[in-house]
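**Q** what shape does this take:
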Amino acid sequence: MRKADEDEFHEYVRGRMDRWRRSAYLLCQDWHFADDLVSITVTKLFRNWSKVRRADNPDAYAQKVLTRSWLSESRRSWRSRERSAADLPEQPWTPTDRVGSRDSLEALLRSLGPRQRAVLVLRFYLDYSVEETATILRISPGTVKSQSARGLDTLRAAVSSGSHTN
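**A** Next comes the predicted model:
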């Protein structure tokens with residue numbers, strides 16, 4: 001890879017790391033695993049940088065790589081993945097944080113299966129369209145719609161029953 005291409009890649013990644021890390025965490029619910037997913041994603045993007053930079057929407061391409069990496073990793077046996085046992089370090093507070101609602105959101109997302117969680121994170125947290133979500137997950141737009149509806153119904157039921165609290 002030429003130096004100019006490598007510099008362009010580093011600049012692209014630098015501007016998106018926080019977003020990728022947050023979205024990976026929402027999918028997997030583990031900061032360490034989220035960091036691993038981002039590392040896997042960055043490696044894949046680097047290997048295919050010439051293709052990524054020519055994509056109509058490089059950000060959607062990168063999110064597709066991240067989401068598919070998570071889905072692939074989530075299908076692996078729990079025995080073949082490392083699990084961190086230590087408590088997570090304190091994260092700095094920012095004005096946009098709402099600790100109580102974030103904890104509730106995490107508990108609610110944990111109640112969903114991987115596919116529904118991926119659909120809801122892509123659609124409602126990352127604001128992808130039905131079609132973009134379908135492309136990222138390699139499913140039909142109808143499946144995105146039905147998974148969205150079922151996932152939201154599950155979340156509404158959990159909220160109304162109070163079963164989402166830790």
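**Q** and the top helix by length along the chain, what does it pack onto?
**A** The residue-count maximum for a helix in the chain (DSSP state H) belongs to helix 141-161. Under the contact criterion of 3 or more C-beta pairs under 8 Å, 6 or more residues apart in numbering; DSSP states H and E, helix 141-161 touches helix 99-110, helix 114-120, helix 130-137. From N, CA and C alone the C-beta is placed, and that goes for glycine too.
**Q** buried deepest among those, which one?
**A** Ranked by mean neighbour count, the helices and strands packed on helix 141-161 are led by helix 114-120 with a mean of 22 (mean count of other C-beta atoms under 10 Å).
**Q** domain boundaries for this protein, per the record?
**A** Taking automatic domain parsing as the criterion, the chain consists of the domains 1-77, 98-166.
**Q** shaky segments in the protein?
**A** Counting by pLDDT under 70, the ranges of the chain that qualify are 77-103, 162-166.
**Q** I'd like the distance between Ser74 and Leu27.
**A** 8 Å (C-beta to C-beta, to the nearest Å).
**Q** now Thr135
**A** In terms of C-beta to C-beta, Thr135 sits 17 Å off from Leu27.
**Q** still on that earlier bit, buried residues, the longest helix of the chain. List them.
**A** Buried positions in helix 141-161, judged by neighbour count with 16 or more other C-beta atoms under 10 Å: Thr143, Val144, Gln147, Ser148, Arg150, Gly151, Leu152, Thr154, Leu155, Ala158.
**Q** my read is that Phe46 contacts Phe9, right?
**A** Yes - at 6.2 Å, Phe46 and Phe9 qualify as touching, with contact defined as C-beta atoms under 8 Å.
**Q** and the two? which has more neighbours close in?
**A** Neighbour count, other C-beta atoms under 10 Å: between Phe46 and Phe9, Phe9 has more, with 18 against 14.
**Q** residues contacting the more buried one?
**A** By C-beta atoms under 8 Å, 6 or more residues apart in numbering, the contact list for Phe9 reads Met1, Leu45, Phe46, Trp49, Arg53.
**Q** ok, now with 10 Å
**A** Met1, Val42, Leu45, Phe46, Trp49, Ser50, Val52, Arg53 (C-beta atoms under 10 Å, 6 or more residues apart in numbering).
**Q** name the element it belongs to?
**A** Counting by DSSP states H and E, the element that carries Phe9 is helix 3-14.
**Q** give the next helix or strand downstream of that helix.
**A** Helix 3-14 is succeeded, C-terminally, by helix 17-28 (DSSP H and E).
**Q** and that next one, what's buried?
**A** Along helix 17-28, these residues count as buried under the neighbour rule (16+ other C-beta under 10 Å): Trp20, Arg21, Ser23, Ala24, Tyr25, Leu26, Leu27, Cys28.
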